[in-house]
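Enquirer: how would this look folded up:
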Amino acid sequence: QVHLVESGGGSVQAGGSLRLSCAASGRTFSSYVMGWFRQAPGKEREYVAVISWNGGRIRYADSVKGRFTISRDNAKNTVFLQMNSLKPEDTAVYYCAANSETLATAASYFDSWGQGTQVTVSS
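Expert: As a prediction, this is how the structure comes out:
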């Protein structure tokens with residue numbers, strides 16, 4: 001497993017941008033599939049984006065496609081989520097997660113999770 005710490009959350013108005021970061025500990029970060037998930041109050045956790053170990057394969061949820069960009073810097077053990085054109089429905093706690101096996105979008109495949117960072121988008 002890998003230890004993950006998210007940062008970069010905050011409050012913005014609709015149409016604004018935020019950039020989330022997730023710093024990972026451990027020497028094997030570059031071998032992990034990394035993902036961003038989110039959970040809004042009263043809703044189940046949902047996947048936002050996942051990225052393969054070398055960044056060569058990326059998947060996005062339809063709800064964020066064209067607005068969010070996931071990227072990673074293996075030299076810095078960090079994965080990012082650039083969020084543009086934010087909407088009130090993007091309000092949620094955002095979690096970073098690591099998966100050592102497959103480019104999956106289901107949360108059950110991810111065995112390391114950060115503590116989450118709050119993103120609030122006001123209309």
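
Enquirer: Hmm, R19 is touching V79, no?
Expert: No - between R19 and V79 there is no contact under C-beta atoms under 8 Å: 11.4 Å. C-beta here means a position set from N, CA and C on the backbone, and glycine is covered the same way.

Enquirer: hang on, A97 is in a strand, isn't it?
Expert: Yes - according to DSSP: H, G, I helix; E, B strand; the rest coil, A97 belongs to a strand.

Enquirer: Report the separation between the closest residue to it other than its chain neighbours and L4.
Expert: Leaving aside its chain neighbours, A97 sits nearest to F110 (3.8 Å; criterion: C-beta to C-beta, 6 or more residues apart in numbering). Using C-beta to C-beta, to the nearest Å, we find F110 at a distance of 10 Å from L4.

Enquirer: now swap in A14 and tell me
Expert: From A14 to L4 the distance is 28 Å (C-beta to C-beta).

Enquirer: Neighbour count: the two, which is higher?
Expert: Neighbour totals were compared for A14 and L4, and L4 leads with 24 against 13 (other C-beta atoms under 10 Å).

Enquirer: any idea how far R38 is from that one?
Expert: Counting by C-beta to C-beta, the gap from L4 to R38 is 15 Å.

Enquirer: Repeat that for G15.
Expert: 19 Å.

Enquirer: ok, these two, which is more surrounded?
Expert: Neighbour tally, G15 and R38, criterion other C-beta under 10 Å: the higher count belongs to R38, 23 against 11.

Enquirer: In what element of secondary structure is the more buried one found?
Expert: strand 33-39 (DSSP states H and E).

Enquirer: For that strand, what does the pLDDT average out to?
Expert: Strand 33-39 carries an average pLDDT of 97.

Enquirer: Within the sheet, what are the partner strands of that strand, with directions?
Expert: As defined by DSSP bridges, the strand partners of strand 33-39 come to strand 46-51 (antiparallel), strand 92-99 (antiparallel).
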